[in-house]
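Enquirer: Take this sequence and fold it.
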Amino acid sequence: MTNFVILKTGDKLCPNCGSLPRTRRLFSMLENQVTDKKILHFSPSKSLSNRLSKISSVTYESSDYMGEFVADKNYNIEAINIGDNSYDVIICYHILEHIQQDVKAMEELYRVLKPEGMCYIQTPFKMGEIYEDDTILTPAARLKYFGQEDHLRIYSVEGLTLRLRKAGFKVEVRSFTEDDNHFNGFNPSETVIVAVKET
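Expert: Residues are numbered from 1 along each chain as shown. From the prediction side, this is the model:
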């Protein structure tokens, strides 16, 4: 695919499935890892949801708490209404920056993952430390300081990694620095955090 639609952000939108670069990158990471797995996908992008749900060996469930995305469940990520050790893979892309009690959410992600289960996480990232301020309450102020009207913080890779480790995860940071696959239109600079529930 080379005829991408270039968005104002510079992202390359697929005109066929509507996928963004981060979605295509994630699928490339997942496609050989999800055979016979049970997946939970928070606030699912339509393009990725469609592809994963069509894999016959995968048990795919999606969740959206606010009703903004088409999904099977409406789990509150701060209190997920399902038993321990329920999922092999969790997709938590651009979720945690919206969550008031993000540490509680990370603990819940750990709880519902099966041993050796993997949680794929991405948020906007900055250098240095996590920036959050509970006094920043209005949409306009959040847009100014956090980059989006409904964001509650900006993570750093190091800060998010530390919080995930405190929740019990083993954390692997996967950084991509070159776009060596023009066919897929990946972003030239991207970070994905893979959090593993060790036995």
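
Enquirer: Which strands and helices lie in contact with the longest strand anywhere in the chain?
Expert: Selection of the longest strand in the chain by residue count, based on DSSP state E, yields strand 113-122. On a contact count with 3 or more C-beta pairs under 8 Å, 6 or more residues apart in numbering; DSSP states H and E, strand 113-122 meets helix 21-30, strand 87-93, strand 190-196. (Glycine included, C-beta is placed from N, CA and C.)

Enquirer: List the buried residues for it?
Expert: 113, 114, 117, 118, 119, 120, 121, 122 (16 or more other C-beta atoms under 10 Å).

Enquirer: Following element in sequence after that strand, please.
Expert: Next along the chain after strand 113-122, taking DSSP states H and E as the criterion, comes strand 125-126.

Enquirer: Restrict the longest strand of the chain to CA atoms and write it as PDB.
Expert: This file holds the C-alpha atoms of strand 113-122, laid out as PDB (Å, rounded to 0.1, in the frame of the first residue of the first chain):
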ATOM      1  CA  LEU A 113      -4.200 -11.200  32.500                       C
ATOM      2  CA  LYS A 114      -3.300 -14.900  32.600                       C
ATOM      3  CA  PRO A 115       0.300 -15.800  33.800                       C
ATOM      4  CA  GLU A 116       2.700 -15.000  30.900                       C
ATOM      5  CA  GLY A 117       0.000 -12.900  29.400                       C
ATOM      6  CA  MET A 118       1.000  -9.700  27.500                       C
ATOM      7  CA  CYS A 119      -0.500  -6.200  27.600                       C
ATOM      8  CA  TYR A 120       0.300  -3.900  24.700                       C
ATOM      9  CA  ILE A 121       0.300  -0.300  25.800                       C
ATOM     10  CA  GLN A 122       0.800   3.000  24.000                       C
END
